[in-house]
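Trainee: What follows is a predicted structure for the sequence shown.
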Amino acid sequence: MKTTHFLLIILFLVFYLPAKAQISVKRLINKYESNTERYKNLETNFSEIKLKISATMSLGEMTDIPVSIWMSEPYMRMEMSFMGAKFLRIANDTLAWSRDPFSTQYEFEKLEESNTTTDADLGFISFGSFDSSLDKGWVGQQVSEVSIDSLDLYALLMTKELDEVDSITYYFDKENFYNVGSDYHGEREFYLNYTVVDGFLLPTRFFSFGQADGNVIMVVDQYEINPAVDDELFEMSEEAKSAYSGYIETIRPKSEKSPLQKYYEEGISFAENGDFTNAVESYSKALKINPNESSVLNRRGLAKMYNNDLYGAISDLDRAKEFADSTLLPTVYNNLGLAKYYLGDNEGAKNDYLKALDADSTNRMYNMNMGLLMIRLQDFESAEAYTTISIKSDSTLANAYYYRAVAKAQMQEYEGAIEDYNKAGELGVDLAEYYNYKGVTFYNLNEFEKAANSFKAAINRDSTNSQYFYNLAQGYEGMEDYQSSIQIYDLLVKRDSTSDNVYYARSDAYWSLAMTNAARRDIEKAIELNPQNALYYDYRAYMKEEAGDYTGAIEDFTTSLNLEQDPNIYFRRGLAKINISNKFDACKDFKKAEELGSEEAKEALTEHCKL
């Protein structure tokens, strides 16, 4: 059935978790065909009928806009009334024209022969219905179960024969197997609440997002099949004809792309394919024609940035600011902030991001970039606030969830951080560092097995990063699997025999296995490599206490205190002195520990140091 031709672009919040379906591709298609074959098909009957749609539409903050649409192959007319004015859009098989009632300006569009009138003129998604996809060589690959909003659906993934890269996903209702949605290259649409009109099965609610034209919602109040339609509805008025004559004169000199436009588009093509060196060359050729073209300067600045020429990028973007209009200027400031962020100029980046946000405070990218900068500046509350605005603007922005998760974890909001990490993963974040940060958060929740699994995922994506291995060893220690942690520490020592913290960590694992000689050997090595770390002396002191060497323990505690004042170490040294009957010096340590805030020291003073 062809429903996509009647979809206006609308915002539909989508959250889904795919799961393998208990139904085959063939059975799903057969169910769909058998449940819809008794209804007439708009796609095959469209040239034989006329159609009128009465609906209400929402555009951004504007709601309940009355809409009327008439269709009579190959003609279409749409009227929208809002704020006391009427927006008009008319099309035939070759031309579409519209009139903005506020500017009283006409816009014209030549239609491609391959597009139908409804596809091209209303901004409807033009890749076709499920039926037409079957006719055009698309092949079903797999079926999964998904939840979209409150709907439980089947999702059918289709690819084109001999082109497995291109794909479409169609959604089907589990009860009646009607086609209720589609996803093509991020352009999602949903059509629900079907009704039967003169034998045609038609949806009455349309949802879609991801379109270049914007986000809209449309609710159909009434379909009329073969209404009385006056052909004058589709004719061009005298005013429109006059405007069209002026439009023709305007575009005639531009029928061929200018050399600047060719180089500009060539640069964009190179950049989209990751070839930033050639992109810079193409943009440079365009700038030889017009060195003040702000859009080209902006694009070349971005290409230079991604080609690690940060100073060159900043130079281009600074120049773009001078010539950019109010529409482009916020984007230039955002890109300039990004280049300065990569350069390490945090204050410069912040100032530029703020200028971009002054112009568009809800822009998803501006807020996400500012959120990332706030993480670097360790202002995690602000980072959470900015990324939340970004998510509200676009709930499918994976990196915004990722950055917000990092900010929440830094504020010890570990449960909320895991929720955001999971959402980022669902939306496609698959970086080694992402799994590492997620593992650290699980570790802080004492969920050591989940932490270890996340660290393994990080290692699978980057086996050169020793920190990921170290974190995995720590996860094993949390699980009390000390043998596994020691094996990883052994690997890390082979990689770098000068890493004192690895010797310290392995010492702890050996000690937990009662391998005291190995533990003592490793802590000695850690101290040799880093004699300024107070913690290592504390740890060796504990070992000496366990062995009854209280004098040796006191020496290590003293060395530690010379490096770092710690009330607990004063307290521990006092206890060691009690054990060698040096009560006078022990009480001095307890007193010092009390002054530094130790509650245990207060009790020790009462017990050991009464007058």
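Mentor: Sure thing, it's come through.
Trainee: Please name every helix or strand in contact with the helix or strand where M370 lies.
Mentor: In the assignment (DSSP states H and E), M370 maps to helix 364-376. Judged by 3 or more CB pairs under 8 Å, 6 or more residues apart in numbering; DSSP states H and E, the packing partners of helix 364-376 are helix 329-343, helix 346-359, helix 380-393, helix 398-410. Bear in mind the C-beta positions are built from the backbone N, C-alpha and C, glycine included.
Trainee: Return the alpha-carbon coordinates of that helix using PDB.
Mentor: Extracted in PDB, the C-alpha atoms of helix 364-376 (Å, rounded to 0.1, in the frame of the first residue of the first chain):
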ATOM      1  CA  ARG A 364      22.000  20.700  19.500                       C
ATOM      2  CA  MET A 365      25.600  20.900  18.200                       C
ATOM      3  CA  TYR A 366      26.500  24.200  19.900                       C
ATOM      4  CA  ASN A 367      25.200  22.900  23.300                       C
ATOM      5  CA  MET A 368      26.900  19.500  22.800                       C
ATOM      6  CA  ASN A 369      30.200  21.100  22.000                       C
ATOM      7  CA  MET A 370      29.900  23.400  25.000                       C
ATOM      8  CA  GLY A 371      29.100  20.400  27.200                       C
ATOM      9  CA  LEU A 372      32.300  18.700  26.100                       C
ATOM     10  CA  LEU A 373      34.300  21.800  26.800                       C
ATOM     11  CA  MET A 374      32.800  22.000  30.300                       C
ATOM     12  CA  ILE A 375      33.900  18.400  31.000                       C
ATOM     13  CA  ARG A 376      37.500  19.500  30.100                       C
END
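Trainee: what number of residues lie near the closest residue to E419 other than its chain neighbours?
Mentor: In this structure, E419 finds its nearest non-sequential neighbour in A405, 7.9 Å apart by CB to CB, 6 or more residues apart in numbering. Residues lying near A405 (other CB atoms under 10 Å) number 29.
Trainee: Kindly report the same for the one 4 residues further on.
Mentor: Here the number of neighbours of A409 (other CB under 10 Å) works out to 22.
Trainee: In space, not sequence, find me the middle residue of the protein.
Mentor: With distances taken as CA atoms, centre = their mean, the chain has A398 as the residue nearest its mean C-alpha position (1.5 Å).
Trainee: so what's that one up against?
Mentor: K423, A424, L427, G428, V429 (CB atoms under 8 Å, 6 or more residues apart in numbering).
Trainee: Could you identify which of the residues you listed has the most neighbours?
Mentor: In terms of neighbours by other CB under 10 Å, the contacts of A398 top out with A424 at 24 neighbours.
Trainee: shouldn't that one be in contact with Y402?
Mentor: Yes. A424 lies in contact with Y402 (CB atoms under 8 Å); the separation is 4.0 Å.
Trainee: Overlap of the contact sets of those two?
Mentor: With CB under 8 Å, 6+ apart, A424 and Y402 have common neighbours Y434.
Trainee: Return the helix or strand in this structure with minimum mean pLDDT.
Mentor: When each helix and strand of the chain is scored by mean pLDDT, DSSP states H and E, helix 117-122 comes last, with a mean of 37.
Trainee: ok so, going back, among the contacts of A398, give me the pair with the biggest separation.
Mentor: For the contacts of A398, the maximum inter-member distance is 10.6 Å, found between K423 and G428 (CB to CB).
Trainee: Now for the residue nearest to I580 when sequence neighbours are not counted, how many residues are close by?
Mentor: Spatial nearest neighbour of I580, excluding adjacent residues (CB to CB, 6+ apart): Y550 at 5.0 Å. When counting by other CB under 10 Å, one arrives at 20 neighbours for Y550.
Trainee: Check E266 too.
Mentor: Applying other CB under 10 Å, we find 17 residues neighbouring E266.
Trainee: on that earlier part again, quick one: the residue nearest to I580 and N579 touch, right?
Mentor: Yes. Between Y550 and N579 there is a contact at 4.6 Å, judged by CB under 8 Å.
Trainee: distance of K160 from S81?
Mentor: 41 Å (CB to CB, to the nearest Å).
Trainee: correction: L95
Mentor: Noted for L95: a distance of 24 Å to S81, by CB to CB.
Trainee: name the helices or strands packed onto the helix or strand where S560 lies?
Mentor: Under the criterion of DSSP H and E, S560 resides in helix 550-563. Taking 3+ CB pairs under 8 Å, 6+ apart as contact, the helices and strands that helix 550-563 lies on are helix 534-546, helix 567-579.
Trainee: okay, the ones you listed in JSON lines with distance to M374 next?
Mentor: Shown next, in JSON lines, are the helices and strands packed on helix 550-563 (distance: least, CB to CB, whole Å):
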{"stretch": "helix 534-546", "distance to M374": "31"}
{"stretch": "helix 567-579", "distance to M374": "34"}
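Trainee: just those: most buried one?
Mentor: Mean neighbour count (mean count of other CB atoms under 10 Å) peaks for helix 567-579 among the helices and strands packed on helix 550-563, with a mean of 22.
Trainee: Show me what the helix or strand that that one is followed by packs onto, helices and strands only.
Mentor: Sequence-wise, the next helix or strand downstream of helix 567-579 (DSSP H and E) is helix 583-595. Judged by 3+ CB pairs under 8 Å, 6+ apart, the packing partners of helix 583-595 are helix 567-579, helix 599-608.
Trainee: what kind of secondary structure is R89 in?
Mentor: Of the three states, R89 takes strand under DSSP: H, G, I helix; E, B strand; the rest coil.
Trainee: and it, bridged to which residues?
Mentor: Applying DSSP bridges to R89 gives these bridge partners: M78, S98.
Trainee: Tell me how far it lies from S72.
Mentor: Distance, R89 to S72, by CB to CB: 15 Å.
Trainee: got it, and F455?
Mentor: In this view, F455 and S72 are 64 Å apart by CB to CB.
Trainee: Tell me which of these two has more neighbours.
Mentor: Set F455 next to S72 and count neighbours by other CB under 10 Å: F455 wins out with 29 against 20.
Trainee: Isn't that one up against G475?
Mentor: Yes. Counting by CB under 8 Å, F455 does reach G475; the two are 5.7 Å apart.
Trainee: what do those two both touch?
Mentor: What both F455 and G475 touch, as defined by CB under 8 Å, 6+ apart, is the set G439.
Trainee: where do the strands sit along the stretch 151-300 of the chain?
Mentor: With DSSP state E, counting those that start in this stretch as the criterion, the stretch 151-300 of the chain has strands at 151-160, 163-173, 179-184, 187-197, 200-209, 216-225.
Trainee: actually the stretch 1-150 of the chain, not the one I typed
Mentor: For the stretch 1-150 of the chain, strands defined by DSSP E, counting those that start in this stretch occupy the ranges 19-20, 50-59, 62-72, 75-82, 85-91, 95-100, 105-110, 138-148.
Trainee: Turn those into TSV, columns for distance to E384.
Mentor: Shown next, in TSV, are the strands of the stretch 1-150 of the chain (distance: least, CB to CB, whole Å):
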stretch	distance to E384
strand 19-20	31
strand 50-59	30
strand 62-72	30
strand 75-82	37
strand 85-91	40
strand 95-100	40
strand 105-110	42
strand 138-148	27
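Trainee: Rebuild those as a markdown table, extending it with distance to Y247 and mean pLDDT.
Mentor: Below are these laid out as a markdown table (distance: least, CB to CB, whole Å; pLDDT from 0 to 100):
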| stretch | distance to Y247 | mean pLDDT |
| --- | --- | --- |
| strand 19-20 | 52 | 68 |
| strand 50-59 | 25 | 82 |
| strand 62-72 | 24 | 80 |
| strand 75-82 | 19 | 80 |
| strand 85-91 | 15 | 79 |
| strand 95-100 | 9 | 79 |
| strand 105-110 | 5 | 78 |
| strand 138-148 | 37 | 84 |
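Trainee: returning to that earlier point: and L95 and S81? Which one has more around it.
Mentor: Neighbours per residue (other CB under 10 Å) separate L95 from S81, with L95 holding more: 16 against 13.
Trainee: ok, how many other residues are close to A320?
Mentor: 26.
Trainee: Give me the nearest residue to it, chain neighbours excluded.
Mentor: A320 sits nearest to L297 (CB to CB, 6+ apart), 3.8 Å away.
Trainee: Fine, thanks again, bye for now.
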